[in-house]
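*Asks:* model this:
(3 chains)
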Amino acid sequence: MSEEKKKGWKELPIGATLEAGTAKEYKTGDWRNIRPVWNKEKCIQCLRCWIYCPDSSIILKDGKVAGIDLDHCKGCGICSEECPVKPVKAITMVSEKQSK
Amino acid sequence: MKNMVEIRWHGRGGQGAKTAALLFADSAMSSGKFIQAFPEYGPERMGAPVQSFDRLSDEPITLHCGITSPDIVVILDPTLMATVDTTAGVKDDGVIIINTALSPAQIRKEMGIKGKKIFTIDASGISKSTLGREIPNTPMLGALIKVSKLLDIEKVLDDTKKKLEKKFRTKPELIEGNLKAIKRAYEEVKGE
Amino acid sequence: MRKLLAITGNEAIAYAMKQINPDVVAAYPITPATEIVQIFSQYAADGEVNTEFVAVESEHSAMSATIGASAAGSRAMTATSSQGLALMWEMLYIASALRLPIVMPEVNRSLSAPINIHADHSDTMGARDSGWIQIYCENAQEAYDSLIQAVRIAEECLLPIMVTIDGFIISHAMEGVETFEDKDVQNFIGKYKPAHPLLDINHPITIGAIDFNDYYFEHKRSQIEAMNKVEPVILKIAQEFNKTFGRSYGLFEEYMMQDAETAIVVIGSTAGTAKVAVNNLRKQGKKVGLLRLRVFRPFPAEKLSKALSNLKAVAVLDRSTGLNAYAGPVCTEVASSLYTNSEKKPKILNYIYGLGGRDIFVEDIENVYKDLEKVVKTGRTENLINYIGVRE
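*Replies:* Numbering: from 1, shown residues only, chains lettered A, B, ... in the order given. Model prediction:
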């Protein structure tokens, strides 16, 4: 990965005031060693995963779970832990290696 | 008026020594003088000896140190003279104005004061009869104006009236009483 | 119409705040600055200002709330003293690094222990490297005038500013203060247009983000540059103030300096007392002068060293101690600036005075000039650091 050229002090915004939502540009997906796999058929659309996800990585479409934002998901597994579907959860965590 | 006049007020916490110093300076400013008025701050307790100060001048005042050798000392409570060195630093030709029913000669003898000019006024008595309670600071203001010859009494009365009208909107009897007290003390203060 | 009022330093500051009419004031009372907040809260309660007054539970919260209000895009002020400023400590640095134009009157008072409520400069000297502009005033009039200018300085430089007066000596002393009309003050300070208000929801921003070692230094460097640019702004606004209101202010005030051979450098109310000493000695034919430093941050090193370079000896009076720093804070900076900016190097003496409100009199200052005369005569300084008015 090529290093982006860093700015000098004269180029920086006053008071380090930045645009909002810069976390969106910061891809934290590569921190992950396990990833959530969502099973659309099993999902009951309770939205608990969406409520609990600390990285806002559950993608909603028209108020329904539509997938997982793997650019930002850090693989914490909370979504899977909170999924109430039994006996097999609608979100399961699998190793990154295994998933490739 | 010489270049600068320095005044020290002695009173007890709650007697209005600070207010008197501020009122006097305020009136002096209305008469065109440059002024400073400041209290001595310490632990503030009702009844404890307190001091406050005035500086008056025809020129701007830049001094910001305390006053150690005043031209005039005003003593709101004569019992202080037994415990506080109220004449400390007063110049030989300095003036001492005391709230007491005694004459200047009697006070001089009783307190063993040498030199200086002593004036007395029964400010407590005046305030009791004009205000119905013992608040000696405004009558002492009248005595100071008479003795110091620094300000015009009519102007001060006029000025004080305006200020008291703001402060005592709901107690008009206090306005009249205070003005009467200043006037009486101005007329009744006795020198040697 | 202008009004001459017989008011104390605190009253003058509260009155200026009323005329500035800030959007938000968040403050906590502390002696001897209590009256500023108390009087101002009365203005707010009586509807004489449009200010949202926030009564907080500590000075840490006062500064935090003021920072929040300023970041939101409002004209925000607070006031404090001594321990209160000390409690604001970590937030002071955040205010300046976020480049928030907060205006804060500060009443100089010593720091505990022992507990003491009287004047010295230990409090603001402790905050001298916090990235705030610091203006030290000699009297109530200057405090009133400076506070009005401070609003403009802060908002043009996007830096916070503290305007200080000596506790009790100025804060509680009544003097004649010439005040302006509300509308003239409003015209002078103008309307505040924040560059990036947090509450502008159409242009959302992030404030107070983290920097790693790859960017922190660059942000500090830009903050230093912001301070570097303050000097001409202070002078420009002072000039405009003089044109509008007819009183002149600079980075420092030179009194009888033109042909002076020895001089005292001092800040705050003692300068007024020292002027009387200079007048007395001038009558005796002594070539003595006085330089009253007004703007301590940014430190006007170049101009100050130029003003002092032709002296034979200079005494710097410090109303705080570095507690075994090389010298008092004012002296250290004056000496450094002379060492690096000037070919000619006058002898320097440092005097620590007035700690915890210990009074300093005209004679004390005349004695300093006598010491300087001796140094000039003998060419020798016995002690760099000397003390005025401390019992052995």
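
*Asks:* Pick out the residue of chain A closest to chain B.
*Replies:* A:Gly15 (38.1 Å; Cβ to the nearest Cβ). (C-beta placed from N, C-alpha, C; glycine too.)

*Asks:* What's the local residue count around that residue?
*Replies:* 23 (other Cβ atoms under 10 Å in any protein chain shown).

*Asks:* If we ignore the residues flanking it in sequence, what's nearest it?
*Replies:* Spatial nearest neighbour of A:Gly15, excluding adjacent residues (Cβ to Cβ, 6 or more residues apart in numbering or on different chains): C:Arg99 at 3.3 Å.

*Asks:* Likewise for B:Thr19?
*Replies:* Excluding its sequence neighbours, the residue lying closest to B:Thr19 (Cβ to Cβ, 6+ apart) is B:Asn137, at 5.9 Å.

*Asks:* now B:Leu164
*Replies:* Once flanking residues are discounted, B:Leu164 sits nearest to B:Ile175: 4.5 Å by Cβ to Cβ, 6+ apart.

*Asks:* Point me to the residue of chain B nearest chain A.
*Replies:* Closest point on chain B to chain A, by Cβ to the nearest Cβ, is B:His64, at 38.1 Å.

*Asks:* who are the neighbours in contact with that residue?
*Replies:* Applying Cβ atoms under 8 Å, 6 or more residues apart in numbering or on different chains, we find B:His64 in contact with C:138-139, C:166, C:169-170, C:173, C:269-270, C:272-273.

*Asks:* ranges for the strands of chain A?
*Replies:* For chain A, the strands defined by DSSP state E occupy A:18-19, A:34-38, A:58-61, A:64-68, A:91-95.

*Asks:* Deepest in the core, which of those strands is it.
*Replies:* Mean neighbour count, computed with mean count of other Cβ atoms under 10 Å in any protein chain shown, is highest for strand A:34-38 among those, reaching a mean of 20.

*Asks:* for chain B, what's the longest helix?
*Replies:* Determined from DSSP state H, the single longest helix within chain B is helix B:172-188.

*Asks:* mind checking how far it is from the chain centre?
*Replies:* Here the centre of helix B:172-188 is set off from its chain's centre by 14 Å, with Cα atoms, centre = their mean, to the nearest Å.

*Asks:* who does that helix touch, helix- and strand-wise?
*Replies:* Applying 3 or more Cβ pairs under 8 Å, 6 or more residues apart in numbering or on different chains; DSSP states H and E, we find helix B:172-188 packed against helix B:123-131, helix B:137-148, helix B:153-167.

*Asks:* Can you check the pLDDT for B:Ser127?
*Replies:* B:Ser127 is assigned 94 on the pLDDT scale.

*Asks:* show me what contacts it?
*Replies:* Shown in contact with B:Ser127 (Cβ under 8 Å, 6+ apart): B:133-136, B:138-139, B:181.

*Asks:* before we move on, what about C:Ile135?
*Replies:* By Cβ under 8 Å, 6+ apart, the contact set of C:Ile135 is C:146, C:150, C:161-164, C:294-296.

*Asks:* how about it, secondary structure?
*Replies:* Secondary structure state of C:Ile135, per DSSP: H, G, I helix; E, B strand; the rest coil, is strand.

*Asks:* ok, now the one 10 residues further on?
*Replies:* Using three-state DSSP as the criterion, the local structure at C:Asp145 reads helix.

*Asks:* What about C:Glu302, how many residues nearby?
*Replies:* Using other Cβ under 10 Å, C:Glu302 has 13 neighbouring residues.

*Asks:* Return the backbone torsion pair for it.
*Replies:* The phi/psi pair for C:Glu302 (degrees, to the nearest 10) reads phi -70, psi -50.

*Asks:* residues in contact with the residue of chain A closest to chain B?
*Replies:* Per Cβ under 8 Å, 6+ apart, neighbours of A:Gly15: C:97-100, C:158, C:196, C:207.

*Asks:* between those, which is nearest A:Glu82?
*Replies:* C:Ile207 (32.3 Å; Cβ to Cβ).

*Asks:* Show me where chain A dips below the pLDDT cut-off.
*Replies:* Applying pLDDT under 70 to chain A flags residues A:1-3, A:98-100.

*Asks:* for chain B, what are the nearby residues on it?
*Replies:* By Cβ under 8 Å from any Cβ of the partner chain, no part of chain A sits against chain B.

*Asks:* Would you map the helices across chain A?
*Replies:* Along chain A, counting by DSSP H, helices occupy A:48-52, A:78-82, A:96-99.

*Asks:* Would you mind putting those helices into CSV with mean neighbour count and distance to C:Ile7 alongside?
*Replies:* As requested, these are exported to CSV (neighbours: other Cβ atoms under 10 Å in any protein chain shown; distance: least, Cβ to Cβ, whole Å):
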stretch, mean neighbour count, distance to C:Ile7
helix A:48-52, 17, 59
helix A:78-82, 18, 62
helix A:96-99, 10, 72
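
*Asks:* can those helices go into TSV with extra columns for distance to B:Thr86?
*Replies:* Conversion of those to TSV gives the following (distance: least, Cβ to Cβ, whole Å):
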stretch	distance to B:Thr86
helix A:48-52	78
helix A:78-82	79
helix A:96-99	90
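
*Asks:* how about these, which one is nearest C:Lys236?
*Replies:* Closest approach to C:Lys236 among the helices of chain A (Cβ to Cβ): helix A:48-52, 55.2 Å.

*Asks:* elements contacting the closest one?
*Replies:* Using 3+ Cβ pairs under 8 Å, 6+ apart, the elements in contact with helix A:48-52 are strand A:58-61, helix A:78-82.

*Asks:* what's the closest of those to chain C?
*Replies:* For those, the distance to chain C is smallest for strand A:58-61, at 20.7 Å, taking Cβ to the nearest Cβ.

*Asks:* Now C:Gly357: closest residue in space that isn't a chain neighbour?
*Replies:* Leaving aside its chain neighbours, C:Gly357 sits nearest to C:His118 (2.3 Å; criterion: Cβ to Cβ, 6+ apart).

*Asks:* correction: B:Gly89
*Replies:* Nearest non-adjacent residue to B:Gly89, counting by Cβ to Cβ, 6+ apart: B:Ser69, 4.1 Å away.

*Asks:* For that neighbour, grab the count of nearby residues.
*Replies:* The tally of other residues near B:Ser69 (other Cβ under 10 Å) stands at 11.

*Asks:* ok, now C:Lys3?
*Replies:* Neighbours of C:Lys3 under the rule other Cβ under 10 Å: 10.

*Asks:* My understanding was that it contacts C:Thr179; is that so?
*Replies:* Yes: with contacts counted by Cβ atoms under 8 Å, C:Lys3 reaches C:Thr179, the gap being 5.1 Å.

*Asks:* Now name the helix or strand holding the residue of chain B most remote from its centre.
*Replies:* Distance from the C-alpha centroid of chain B, by Cα atoms, centre = their mean, peaks at B:Thr170 (26.2 Å). Per DSSP states H and E, B:Thr170 falls between elements, in no helix or strand.

*Asks:* what does chain C have sitting close to chain B?
*Replies:* Residues of chain C lying close to chain B (Cβ under 8 Å from any Cβ) are C:4, C:6, C:32, C:117-118, C:138-139, C:166, C:168-170, C:172-176, C:269-273, C:275-276, C:359-362.
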